[in-house]
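Novice: take this sequence and fold it.
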Amino acid sequence: MEEATGKIKKFEEKPKLFMGNKINAGIYLLNPSILDRIELRPTSIEKEVLPKIAAEKKLYAMVLPSFWMDIGQPKDDITGLRLYLDSLRKKSTSRLAVGDHIVGNVLVDESAMIGDGCLIGTDVVVGPGCVIEDGVRVSSCNVMLGVQIKKHACISSSIIGWHCIVGRWARVEDMTILGEDVHLGDASL
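Specialist: A predicted model of the protein is given here:
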């Protein structure tokens, strides 16, 4: 890639040999005429179309100045979350939550409510509209929009999907993933 212009000299998806320090993050801004280049069959744009456009010297890239990581696996989501929160600690500490109930890097949406006696962190994101009741423990978790976590539940190394309810004294751990609107009963393991 030419640094000054962003023009891509050669495009190869997942090369076996090192080609440079830039990656394809899979975010595209394309002219609709690109559709004329795609045959009416299963086609890989990255393997069949973009290399041809690069060879024609018509493919450009924009380097994103922020954090990026592939999170193709659930465990990668937790790792990415930790790395992102570490980057916030270095670049934008004011965005991280603080308080007696917060340990380490934690990001809490302003609309979330956290009860008394909770311990949140390290490496936790609490999404919009979440309600975390008294005495809850949460670590290394992504807690998404509208989640309710009832009193004294303990959640670690897990992803809690949108609008889930985790019952009182429940334990959720070891890369558990709760999909959207899952209701986990009281004292569940």
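Novice: quick one: Arg137 and Lys150, what's the gap?
Specialist: Computed as C-beta to C-beta, to the nearest Å, the Arg137 to Lys150 distance reads 12 Å. Any C-beta I mention is one placed from the backbone N, CA and C, and that applies to glycine too.
Novice: between the two, which has more neighbouring residues?
Specialist: Under the neighbour definition other C-beta atoms under 10 Å, Arg137 and Lys150 were set side by side, and Lys150 has more, 21 against 18.
Novice: wait, what's in contact with the closest residue in space to the more buried one that isn't next to it in sequence?
Specialist: The spatial neighbour of Lys150 that comes closest, neighbours along the chain excluded (C-beta to C-beta, 6 or more residues apart in numbering), is Arg168 at 4.3 Å. The contact partners of Arg168, taken as C-beta atoms under 8 Å, 6 or more residues apart in numbering, are 133, 150-153, 186-187.
Novice: looking at the chain, which helix or strand is least sure?
Specialist: Within the chain, no helix or strand scores below helix 74-91, which has a mean of 90 by mean pLDDT, DSSP states H and E.
Novice: same for that helix, what does it pack against?
Specialist: Helix 74-91 sits against strand 106-108, strand 137-143, strand 154-160, with contacts defined as 3 or more C-beta pairs under 8 Å, 6 or more residues apart in numbering; DSSP states H and E.
Novice: the same query, at a cut-off of 10 Å, please.
Specialist: Helix 74-91 makes packing contacts with strand 106-108, strand 124-126, strand 137-143, strand 154-160 when contacts are defined by 3 or more C-beta pairs under 10 Å, 6 or more residues apart in numbering; DSSP states H and E.
Novice: quick one: the helices in this protein?
Specialist: Remark: helices assigned in the chain by DSSP state H are 50-55, 74-91.
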